[in-house]
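Chemist: prediction below, plus the sequence it came from.
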Amino acid sequence: MEDDAPVIYGLEFQARAVTAQTAETDAIRFLVGTQSLKFDNQIHIIDFDDENNIINKNVLLHQAGEIWHIGASPADKAVLTTCYNKTSDSRVVSCAAVWRMPTDWETGSHESPDDSAHNPQALELLCHLDDSAHGNTACVLWEPMGDGKRVISLADNHALLWDLQESSTQATVSSTATLEGKGQLKFTSGKWSPHHNCSQLATANDTAIRGWDLRTMSQIYCIENAHGQLVRDLDFNPNRQYYLASCGDDCKVKFWDVRNVQEPVKTLEEHSHWVWSVRYNHSHDQLVLTASSDSRLILSNMVSISSEPFGHLVDDEELSDGEDNHQEDKGKEPLKDSVVSTYEEHEDSVYAAEWSSADPWLFASLSYDGRLVINRVPRALKYRILL
């Protein structure tokens, strides 16, 4: 059973930000933001044609500055957010904004694919998410599965919940939470939980992970030394509401049950340098992608802590309540966790990896030298999960 070869796309600039186009569930599409100090930065819209195994691209200009983070609206394909650096009064400031792609970026682009690269159109600015009182913005998070009207920005030690109005052309802060403590505390990343009616947020600062209730903007849990060094990224298990994955500069990936934060449920130590990104598969939560500055991308099968530890769906109550376990599972051991594949197509730090929102078996990874690689879950594993 031959697996398809990876498909590689090279940007001419360095890059570290990629997202799947969340609202697009038919076409396989990723958005990549560049980091160039000398030239206008760009957003590359990467369409993957999986029948022919080829990439089609469109390029849009992002003249505001080099892009550090990019997020796609869950409701409107044409709307996205970026966090970018700009220089003002010889100081570098991190800003955030909501943008709309030009209406005709899709039409006619595939007849002459080079046109968009030579005369790219610019993104249309909808509104800034800048609150100069609250410092530099590290990332912007869209409400999962929402109507595209609520975002959270993490700026220095503040989490700001914004309401987007008038087709995203106005943004107002509806509530804020502040990180209290000694020294200059700063959020490095965060994730909006898709569970509990989207009322919870997890954030990382230094070596700690914190949970927040967005209704009261108060802290609900804290994992003090979650990692030995800086925590780089977080992701929630899409199927098990209390499970959270984290990764960091101690080269580890850890899995937590936020009801008991004394110890991680599981720890992975497969990478040999900082781990920048961790992502659960949106449908099959045993599949976990991690990207690291050891230039590798690792796909792990974390089946023992997934919603299908015996190869079929088991809900949380069943797992915690031994009495009610199905008869046939009595004698069964959970399946073993394993590294499925290590992908070594990159030659530079891999800063981001994302699953496609249209095809659950396909993912993209991005390294700093501007190389985007599209890969698939090995067929043998895919069929083992499905059959």
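Modeler: All right, it came through fine. Being a predicted model, the structure only gives us computed values, none of them experimental.

Chemist: residue ranges of the strands in the stretch 101-250 of the chain, please?
Modeler: With DSSP state E, counting those that start in this stretch, the ranges of strands along the stretch 101-250 of the chain come out as 121-122, 124-128, 137-142, 150-155, 158-165, 170-178, 189-192, 200-205, 208-213, 218-223, 231-236, 243-248.

Chemist: how about those in JSON lines, adding mean neighbour count?
Modeler: The way it works is simple: take the backbone N, C-alpha and C, and place the C-beta from them, glycine included. As requested, the strands of the stretch 101-250 of the chain are arranged in JSON lines below (neighbours: other C-beta atoms under 10 Å):
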{"stretch": "strand 121-122", "mean neighbour count": "16"}
{"stretch": "strand 124-128", "mean neighbour count": "16"}
{"stretch": "strand 137-142", "mean neighbour count": "24"}
{"stretch": "strand 150-155", "mean neighbour count": "25"}
{"stretch": "strand 158-165", "mean neighbour count": "20"}
{"stretch": "strand 170-178", "mean neighbour count": "15"}
{"stretch": "strand 189-192", "mean neighbour count": "23"}
{"stretch": "strand 200-205", "mean neighbour count": "23"}
{"stretch": "strand 208-213", "mean neighbour count": "20"}
{"stretch": "strand 218-223", "mean neighbour count": "15"}
{"stretch": "strand 231-236", "mean neighbour count": "23"}
{"stretch": "strand 243-248", "mean neighbour count": "26"}
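
Chemist: shaky segments in the stretch 1-150 of the chain?
Modeler: 1, 106-117, 131-132 (pLDDT under 70).

Chemist: swap the cut-off to 80 and go again
Modeler: Flagging of the stretch 1-150 of the chain using pLDDT under 80 yields the residue ranges 1-2, 87-90, 104-119, 130-135.

Chemist: ok, now which ones touch residue 143?
Modeler: 74, 149, 150, 151, 152, 192, 198 (C-beta atoms under 8 Å, 6 or more residues apart in numbering).

Chemist: confirm that the first one sits in a helix.
Modeler: The one in question is residue 74. No: per DSSP: H, G, I helix; E, B strand; the rest coil, residue 74 lies outside any helix segment and is coil.

Chemist: what's around the closest residue to it other than its chain neighbours, how many residues?
Modeler: Distances taken as C-beta to C-beta, 6 or more residues apart in numbering place residue 22 nearest to residue 74, at 4.8 Å, with adjacent residues excluded. By the criterion of other C-beta atoms under 10 Å, residue 22 has 24 neighbours.

Chemist: ranges for the helices of this protein?
Modeler: 115-118, 316-320, 379-386 (DSSP state H).

Chemist: among those helices, which gets the worst mean confidence?
Modeler: Least confidently modelled of those is helix 316-320, at a mean of 54 by mean pLDDT.

Chemist: distance check, the closest residue in space to residue 214 that isn't next to it in sequence against residue 212.
Modeler: Computed as C-beta to C-beta, 6+ apart, the closest residue to residue 214 that is not its neighbour in sequence is residue 199, at 5.1 Å. According to C-beta to C-beta, to the nearest Å, residue 199 stands 9 Å off from residue 212.

Chemist: please apply the same query to residue 202.
Modeler: When residue 202 is compared with residue 212 (using C-beta to C-beta), they lie 8 Å apart.

Chemist: try residue 135
Modeler: As defined by C-beta to C-beta, residue 135 lies at a distance of 18 Å from residue 212.

Chemist: shaky segments in the stretch 201-350 of the chain?
Modeler: Applying pLDDT under 80 to the stretch 201-350 of the chain flags residues 309-335.

Chemist: roughly how far apart are residue 383 and residue 123?
Modeler: According to C-beta to C-beta, residue 383 and residue 123 sit 41 Å apart.

Chemist: correction: residue 170
Modeler: 18 Å.

Chemist: next: residue 338.
Modeler: 42 Å.

Chemist: who has more neighbours, the two?
Modeler: Shown here are residue 338 and residue 123; by other C-beta under 10 Å, residue 123 has more neighbours (23 against 10).

Chemist: what's the distance between the more buried one and residue 215?
Modeler: 33 Å.

Chemist: and for residue 340?
Modeler: 39 Å.

Chemist: higher neighbour count, these two?
Modeler: Neighbours of residue 340 and residue 215, each counted by other C-beta under 10 Å, are more numerous for residue 340; the result is 16 against 11.

Chemist: from residue 240, how far out is the more buried one?
Modeler: Residue 340 is 20 Å from residue 240, by C-beta to C-beta.

Chemist: please apply the same query to residue 176.
Modeler: Per C-beta to C-beta, residue 176 is found 29 Å from residue 240.

Chemist: sorry, back to before: can I get the strands of the stretch 101-250 of the chain in CSV with distance to residue 345?
Modeler: Formatted as CSV, those follow (distance: least, C-beta to C-beta, whole Å):
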stretch, distance to residue 345
strand 121-122, 31
strand 124-128, 34
strand 137-142, 26
strand 150-155, 31
strand 158-165, 36
strand 170-178, 38
strand 189-192, 25
strand 200-205, 28
strand 208-213, 31
strand 218-223, 33
strand 231-236, 21
strand 243-248, 20
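
Chemist: of these, which approaches residue 59 most closely?
Modeler: Minimum separation from residue 59 across the strands of the stretch 101-250 of the chain (C-beta to C-beta) falls at strand 121-122, 8.6 Å.

Chemist: direction included, what does the closest one pair against?
Modeler: Strand 121-122 sits in its sheet next to strand 54-62 (parallel), going by DSSP bridges.

Chemist: got a list of contacts for the partner strand?
Modeler: Identification of contacts with strand 54-62 by C-beta under 8 Å, 6+ apart yields 7, 9, 33-34, 40-49, 82, 84, 99, 101-102, 105-106, 109-110, 113, 116-117, 120-123, 374.
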